[in-house]
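1. sequence and predicted structure are below.
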Amino acid sequence: MLPWSRSLRPLTALLLAAAVVLFPAVTAGAAPTTAADARPTSGWNDYTCKPSAAHPRPVVLVHGTFGNSVDNWLGLAPYLQNRGYCVFSLDYGRLPGVPLFHGLGPVGKSAEQLAAYVDRVLAATGAAETDLVGHSQGGMMPRYYLRFLGGADKVNALVGIAPSNHGTTLSGLTRLLPYFPGAEDLLNEHTPALADQVVGSDVLTRLNEGGDTVPGVRYTVLASRYDEVVTPYRSQFLSGPGVRNVLLQDLCPLDLSEHLAIGLLDRIAFHEVVNALDPAHATPTTCASVLG
């Protein structure tokens, strides 16, 4: 990957955010298809699925910013389902008139939507607890649910794939916001989730006060040194009891995944997700895990 192309990705993300802010009329006029409408009728999100003795907890997948319940999980959901897990995914953080691209609403409101969805999955499956696996914002936002909305009583483990746990500088671009009058107000008003994920935001300050974790939940963080969206990448890591922080390049130096690839198609990361969900039967993750 050329260095200049990697440096353009954060700018692309900001431009996409600007497009959502500046051209809502275009997206509002699109066909009313939603990710839920496009959701597969078989496979994951099968509410008749009953967890097995080997995998007694359903897995809820939590997409990232600009993601949705289908596109974010076309790789990981079948990977888990083929290994015997009951797998579910939700849409959250929708903005009016913006189809397909979700995870843009306030983090606190999104956490409320996650809470309701977990209750729905537990009721359908009869399980007492669930495991959560989230990408990007989807790895951070559930921590709000665990800390403030009673989620710790219903969740066994949280696996964050490139999570924005302590916010992002977006490779330094967020430091430029004060130089563009009104830019921060636009983010807060039109794409609150982006503002909530900037280093030092009120949401992140409150979330991380008094420690990163809550008792009774196991935490795993999977990060890539090539992440260009949640930066610096070590800000993704958590501190506290029950935490395992994993840098993928420590497992496979050849893994070049950046922020999107680690969640969408990186089978080395997928192998580590399975290890985190079932640590009693974990197997070593190596470069050869791409073949598993």
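-> Ah, there it is. Numbering: from 1, shown residues only.
2. the stretch 151-292 of the chain: helices as residue ranges?
-> Per DSSP state H, counting those that start in this stretch, the stretch 151-292 of the chain carries helices over the ranges 183-190, 192-196, 202-208, 248-251, 259-264, 267-277.
3. quick check on the nearest residue to Gln137 once chain neighbours are set aside: phi, psi?
-> Spatial nearest neighbour of Gln137, chain neighbours left out: Thr65 (4.6 Å); criterion: Cβ to Cβ, 6 or more residues apart in numbering. Yep, even glycine has a C-beta here, placed from its N, CA and C like the rest. Taking degrees, to the nearest 10, you get phi -60, psi 140 for the backbone angles of Thr65.
4. list the contacts of Thr65.
-> Gly93, Gly103, Leu104, Ser136, Gln137, Ala193, Leu194, Gln197 (Cβ atoms under 8 Å, 6 or more residues apart in numbering).
5. that older thread, got JSON lines for the helices of the stretch 151-292 of the chain, with mean pLDDT and mean neighbour count too?
-> Putting these into JSON lines (pLDDT from 0 to 100; neighbours: other Cβ atoms under 10 Å) gives the following:
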{"stretch": "helix 183-190", "mean pLDDT": "51", "mean neighbour count": "16"}
{"stretch": "helix 192-196", "mean pLDDT": "91", "mean neighbour count": "24"}
{"stretch": "helix 202-208", "mean pLDDT": "96", "mean neighbour count": "17"}
{"stretch": "helix 248-251", "mean pLDDT": "98", "mean neighbour count": "18"}
{"stretch": "helix 259-264", "mean pLDDT": "96", "mean neighbour count": "22"}
{"stretch": "helix 267-277", "mean pLDDT": "98", "mean neighbour count": "22"}
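6. these: which one's closest to Ala223?
-> Between Ala223 and these, the tightest spacing by Cβ to Cβ is seen for helix 248-251, at 7.0 Å.
7. quick one: the helices of the stretch 151-292 of the chain as JSON lines, columns for distance to Ala123 too.
-> Formatted as JSON lines, the helices of the stretch 151-292 of the chain follow (distance: least, Cβ to Cβ, whole Å):
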{"stretch": "helix 183-190", "distance to Ala123": "35"}
{"stretch": "helix 192-196", "distance to Ala123": "27"}
{"stretch": "helix 202-208", "distance to Ala123": "27"}
{"stretch": "helix 248-251", "distance to Ala123": "35"}
{"stretch": "helix 259-264", "distance to Ala123": "28"}
{"stretch": "helix 267-277", "distance to Ala123": "21"}
